Every structure is written in structure tokens, then in C-alpha cells.
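Enquirer: just need the structure, nothing else, for what follows:
(chains A and B)
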Amino acid sequence: MAVRTVYMDHSATTPVDPRVVEAMLPYFTEVYGNSASIHRFGRAAAKALEESRRTVAAILGCHPTEIVFTGSGTESDNLALRGVAFAQRRAGRGNHLIVSSVEHHAVLNTARQLEEVFGFEVTYLPVDEYGMVNPDDVGRAIRKDTVLISVMYASNEVGTIQPIAEIARIARAKGIPFHTDAVQAGGMLDLDVNRLGVDLMTLSAHKFYGPKGVGVLYIRQGTPYLPTITGGGHERGRRAGTVNVAGIVGLATALRLAQESRESENARLRRLRDRLIQGILERVPDARLTGHPTERLPHHASFVFKGINGEELLLALDVEGIAASTGSACTSGRAEPSEVLVAMGLPHDWAIGSLRLTLGKSSTDEDIDYVLEVLPRAVARLREMQAVEV
Amino acid sequence: MTRVVVAMSGGVDSSVAAALLVEQGYEVIGIMLRLWGEGEGAGASTNRCCTLEDMELAYRVADHLGIPFYVLNVADFFKKTVVDFFIAEYLAGRTPNPCLRCNRLVRFDWLLRRALALGAEYLATGHYARVRVVDGRYQLLRGVDPHKDQSYVLAVLGQHELRHAMFPVGGYTKEEVRALARRFGLPVAEKPESQDLCFLADGDYRAFLRRHAPEALRPGPIKDTRGRILGEHQGLAFYTIGQRRGLGIAAGVPLYVVDLDPVENAVIVGTAEELGRRSCLLEGVHFVSGEFPSAPFRATVKVRYRAREIPAWIIPMPDRQARVVLDEPIRGLTPGQAAVMYDGEVVLGLGIIMRTEREPPPEVMETLAASVLA
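Expert: Residues are numbered from 1 along each chain as shown, chains lettered A, B, ... in the order given. As a prediction, the model looks like this:
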């Protein structure tokens, strides 16, 4: 029905690169062994698994044994938080966790459960108007019994890149394990765990043109960790469950391809994104960019529009063929603003009108033109509608 | 291509409405409203207009027709404007019809605004009613199926709403609509009709009020029409005009509830004869044409959704009030219900019954006589 379709929701997920599909295919039908089996079928699968592990480890600048493959980014976050918290408590090191208040729900809701059900104490770090954590706040929040710090690498909602290396230095000085959810950064930002100084890091394949249902948890050698998915001895006892060899081959291939084209693709995306941001701010009255103006993901543009409901804007855009997001996990239909935007200090009548446009490999200048043509009209119509509301 | 939003419920009527519009070449968008139900907050809505099953059905219909489908959550607005109103009316001693309010404020305001904001020209529903344009004015007509006619609950609409309204099944009978559903291959052809108020968990409004408005439980006297106390009632909201059972009083003749007095918190009972009324005062009177007549006129009047129509005089009054004088007395003329006025198949408008009388006050008869003579 719509004349054209424009996909601008690459932070939600990306299509699988055909080269990745190609690389995965043999591992469904030909090399189908269980990588834990001792026979030749198993060995062939294990070989692919370990090759993939080495590929990922090379990009992260770590030892292959520090890579754990998981079933998703959410799973990696869960394993990281519970795994470290439980191990630290068992060792009698303390009961206190620090997370930022703008984490993805995979971290935030896990921290809340550790707080409410398991009796941990959690400090939720504030953010500034750009959604950025101040490293000094991390230093101030640290206590004698702090056992884990988790701050995301880049915000899914507003695209802001956090000062991970600085936070890592503070954590390292106090000997506290530091986890970062790098799901949005994967394939775009520097993932070298030593330059960043992180002890645990989460990645998810489907954000960088790999398949859904595969994640990575990097765990630095020596980090206290108790497996919370128990079973066989897969992944060196850190994550039980038959290993998804095809998916992992896909993840490693996708990460390698993303890494190879990272510089040029980022530059291309940045140019398109800046055109989009500038165009929207020029054409739509009462619009603000959310997140940091420069320290942000190269493909990420996020806004708030005063006086409209973001979800209704999504619907209006979808009708015109544009796929976008409000940026937050939906609270469907209720005029409740995102916790992240509230934490950034936005007033209610701005915060409910959020829109996230995230570009990707398929994005073109024509896509930007189309959005710049459709969006101002859609916002105007919604405002007209709200204006007469009784 | 003209864009139309269809309010889909997962039922036969709205599904066929959507299918007919697709067949007629419109660009159709399906929208389901997620309304408030008791037990709200437990994930899926517990409102019977939009259960998970209905949502699934509506989704399948939309998929079958190849149209986009969205669910909009209007639970908070629906609770505020429809459910709270329903409770408040009972507390005021009236018997409300929340469906009219829902059509006016939820469907043909909240949703219509959103449909227009989506660039749609029309909002279509599965109601059995019709729209006709005469000399640039929009008329609301009954549906052709006399058993299914739903024009009563749409009498709240005005010119703006009708200009953007479509009722694609209004020209068909229910049987024809079911046949169409089968012809279109819709997975809803044999779905049973829904009854009762959608937000009541068990269809029992008394139990609902007990849960949501315990203040309605204030007991008080049951009196006869001369003021003698005959017993005690459990709270005004549990009684309705014409009710005979459950009064707990013994009398030589059958007694009915003839009035509810919120000021005295009294239930007034009387004989069958005392139940008959032929006059009432309407408030919030609305005319579909947008023009408020100045002189008394003839119309047929429906005083409840399923009531028989009675010929009557309508006497317009200031402040959007009107007096209705029926040609014959009827039982069950109930404050809070809508009196809908018809001229043949055309819906003229409505007003909410606020006060009823056995016979019209003398000054009303004088006004009427004067105007008829003039």
C-alpha cells in the first residue's frame, strides 16, 4: 500500500548479511555434529566453534578462552550480573552493585531482581542532560562492599557513548569487576577489552548483520563468576547448553565483516545521520535532539517532539512506509514517558514524544529525503489533533 | 487512494466492514482499541471487547485482507470517560448507557482524531446504521436490518463525525453479513454475538458496583408513592425502574420500583399503573443536524436500546433541554437512559432522561396547545 518502505530501525535489528548466511549454511546440514561429541562429526563442529571463538577474541583483543557464546545479549547481561554478584557474595566480598539508571532492561530488571529478591543493594547512577554518566559519580558511589559495576557502552535509546575507559580505570583501581553492555556498540565502536579496560562485555550478533539468538559474554580471566545456567560443561562450565554452532559461525563472520568496513561505513552513516538530524531540527518546530550531539553512535538519531505521543507518531510513519522506534521498550499506548528521558531531565510533555531513527547499510540519501518529507507533516497532523483535545 | 481506518473488534460485523472496504478499493488500516476491563494491569485486557482471543482474530482477519493492523491502548481514557461516568451515574440514582458515551468520546472522538491524523478520510465501524447526504447535510439512518439496527447508540454523532463516518454493513441484514463473511473467507463467520457491557467481568453490574463503588451500598428506605416506609433497600444503584423482584417487601398487589430518589436515598415503589409514564425532561439534547429546533415537533421516540418506539411531541427548551410527551404511557421510562428521536428512518437526535412524570405538567400542555394552534 505505501509507495515506498524505509527501514530506519537498525538499533532494533539488522538483516543478516548474505555472506553471513552463506557461511552459516553448512553448519545446519553438513557439519551438524554436537561440538561436545568426541567423534569426527563432533570434532568438525568443534573446529568451527573454536575458529569462531578465535575470530571474536582477535577483535576483542582477548584470549579465546575468555569468550563465552550465549543465546542473546539479554542472556549475556543476565549471566554477567548474576554470575558476578553471586560469586562475590559467596566469597564474602559484599552485597552492593552499581548500575547506571539508563541501562537496557536486560541489565536494569536483572539488577532490580537482585535487589528485590536476592537482597543486594543497588545504586542507580544519575545521568546528565545528554544521558551520560559522570565517572566522578561512579567513584562516589563505590563502597567497601561494592562487588560489581555495570554501565552500558552506548545507549540504545539516545545513542550516547559512555566514558567506559574512564569508569573502567576507577573500577580497576578499587579492584571491582566492571561489566559493559556493548550490544549497541558492536560492529561500530572499538571493542578492544584492554583499551576499554572492561572485565565483562556483552555483544549480540543481530545488531551487526548477524543472526538473532546468538550473543557473546566476554569474561576476563580471573573475574569472579558463578554460572547461572547450569548443566553440561559447555563453554568451560560458564554457560551450559548445546552450542549453536551455525549461529556462532554467523556471529563471528558478521563481526569480522563489520570490523573490516567499520571506518568507511561509519563515515558514510555519520554523514547521512547529520543530514537527517539537521533536516528534522530545521523542518519540525519544537523538536530536540536527545542524547549527546557528538559523543553518539554514528547511525543513531533520536528526538523528542513537544506535545505528541511517540507511539502514535510511529503508527503514522508506518502507514507511510517508514519503520522507526520510540527508542524505549514500549509501554504501549499509555502516556508514560521513558525512564531514560525522565532521568535526563526532560519534561513530561516532551518526553512522551520520542522518536529514534537508526540507519544502516541499506540507508541512502533518498531515504533521508523521504523521511524529511513525511515526518514534518506527520508531526503537524498529530499536533493539530492534540490541540483540539478536550 | 482514499484512506479509511476501520475500528476492528475481531467480530463478524467489523471484519466484514473491513473486507467490503478493501473490495471497494479503499486503502484500509485496521485499528483495534484496547479498552479497560476489571483486572487491568495483568497483561492482556480483561475487557470482553478486546480479549487476547479477539485480538488474535482481528489480527488474522487483517492479515487475510492484507491490511496493516494496530492495537491502540485507550484503557486509561476509557476508564476515565466511560467507566467512571457509569459509576457516577449510578451513584446519582440514574441508569446510564455507557455505549453512547463510548461511541461519542472513544470511537468518534479519540479514535476519529487519530484516524484523521493518520491521513484517513473516514473512520468505519461495524455498526448497523447508514449515513446519507442530503443537500450537503449528513443524516444518520437506521440500519436496514430491524433486528440489528444500532442507530440508537450512534445518535450522539453530529455533522463533523458523520462526514467522516462509514458503516459498511448498515445496508445488510445480519444473515447477509454472515454470508459475506463466509464469501470473504473470514475466520469469524460463526462467531456468536456479544452482549452485556464490555467492561463487566461477569455481566453483573451490581457486583461490579459493589467492587468499584462500595459507597453505592448505602442502605435506605423503600417507600410507596405516598411516602410510607415499606422496607429497607441495599443501595440505590442496585435498583432499576420497573424492577419487581428482590424488593423484599410483601404487599397485596405486585409492587415495582417507580422512582429512585438520590436526595432522600429512597427507593420509591408503586403499582403497575403508577409505573406508567408519558412525560419526561431531557437534558444534554443533541440534534444530528446541528440545528436546535425552536418549535415543538412530532417524532417517534425510543427510550431504551431495545424499546418499542412511541409517537410523541418534543418541546425544545432553553439550555439544551427538551420535554417529551408520549402519545401513550409506557413502563420503564428511566432517568439516565437516552431518549432517541426518529423521523421515519432518520435519526433526529437524543437527550438524556433526567426526570419523568406520569402526566406532563399543566404548563407543558399549555405550551403544546398554543403551538399546535399556532
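Enquirer: kindly check the end-to-end length of stretch B:128-148 for me.
Expert: 6 Å (Cα to Cα, to the nearest Å).
Enquirer: who's in contact with that stretch?
Expert: B:13, B:127, B:149-151, B:154-155, B:157, B:159, B:162-163, B:165-167, B:169-174, B:288-289, B:342, B:345-347 (Cβ atoms under 8 Å, 6 or more residues apart in numbering or on different chains). In this view, the C-beta of every residue, glycine as well, is placed from N, C-alpha and C.
Enquirer: which of those residues are close to chain A?
Expert: Among the contacts of stretch B:128-148, none lies close to chain A by the criterion of Cβ under 8 Å from any Cβ of the partner chain.
Enquirer: keep only those of those residues that are in helices.
Expert: B:13, B:159, B:162-163, B:174 (DSSP state H).
Enquirer: what about the helices in the stretch 1-150 of chain A?
Expert: Remark: helices assigned in the stretch 1-150 of chain A by DSSP state H, counting those that start in this stretch are A:18-24, A:26-29, A:40-60, A:73-90, A:105-116, A:135-141.
Enquirer: so, low pLDDT: which residues of chain A?
Expert: Scanning chain A for pLDDT under 70 picks out A:1-2, A:329-335, A:386-390.
Enquirer: alongside chain A, which residues does the stretch 51-200 of chain B contribute?
Expert: So far as Cβ under 8 Å from any Cβ goes, the stretch 51-200 of chain B lies against chain A at B:67-68, B:70-76, B:109, B:113-114, B:116-119.
Enquirer: and these, which is closest to chain A?
Expert: Nearest to chain A out of these is B:Asn73 (Cβ to the nearest Cβ; 2.3 Å).
Enquirer: what about that closest one, how many residues nearby?
Expert: Neighbour count of B:Asn73, defined by other Cβ atoms under 10 Å in any protein chain shown: 20.
Enquirer: wait, it sits on B:Arg34?
Expert: Yes: proximity of B:Asn73 to B:Arg34 meets the contact threshold set by Cβ atoms under 8 Å, at 4.5 Å.
Enquirer: can you report phi and psi for B:Phe69?
Expert: phi -140, psi 130 (degrees, to the nearest 10).
Enquirer: the nearest residue to it once chain neighbours are set aside: which element?
Expert: In space, and not counting its chain neighbours, B:Phe69 is closest to B:Ala62: 3.5 Å by Cβ to Cβ, 6 or more residues apart in numbering or on different chains. In this assignment (DSSP states H and E), B:Ala62 forms part of helix B:52-65.
Enquirer: contacts for that helix?
Expert: Outside helix B:52-65, the residues touching it (Cβ under 8 Å, 6+ apart) are B:8-11, B:14-15, B:18-19, B:22, B:28, B:30, B:32, B:34, B:44, B:68-69, B:71, B:184-188, B:191.
Enquirer: just those: which are in helices?
Expert: Per DSSP H, the contacts of helix B:52-65 map to helices at B:14-15, B:18-19, B:22.
Enquirer: which one of those residues is nearest chain A?
Expert: Nearest member of the ones in helices among the contacts of helix B:52-65 to chain A, counting by Cβ to the nearest Cβ, is B:Val22, at 10.4 Å.
Enquirer: can you pull out the strands in the stretch 1-150 of chain B?
Expert: Taking DSSP state E, counting those that start in this stretch as the test, the strands found in the stretch 1-150 of chain B are B:3-7, B:27-34, B:69-73, B:122-124, B:129-134, B:137-142.
Enquirer: can you list those in TSV and add mean pLDDT and distance to B:Pro293?
Expert: Shown next, in TSV, are those (pLDDT from 0 to 100; distance: least, Cβ to Cβ, whole Å):
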stretch	mean pLDDT	distance to B:Pro293
strand B:3-7	98	32
strand B:27-34	96	34
strand B:69-73	93	38
strand B:122-124	98	28
strand B:129-134	97	17
strand B:137-142	98	14
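Enquirer: how about these, which one is nearest A:Leu25?
Expert: Among these, strand B:69-73 comes nearest to A:Leu25, with 34.1 Å by Cβ to Cβ.
Enquirer: strands paired with that closest one, and their directions?
Expert: Here strand B:69-73 has these sheet partners by DSSP bridges: strand B:27-34 (parallel).
Enquirer: need the helices for the stretch 251-374 of chain B, in chain order.
Expert: Under DSSP H, counting those that start in this stretch, the stretch 251-374 of chain B gives helices at B:272-275, B:362-373.
Enquirer: now those helices in CSV, with distance to chain A?
Expert: Converted to CSV, the helices of the stretch 251-374 of chain B look like this (distance: least, Cβ to the nearest Cβ, whole Å):
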stretch, distance to chain A
helix B:272-275, 38
helix B:362-373, 34
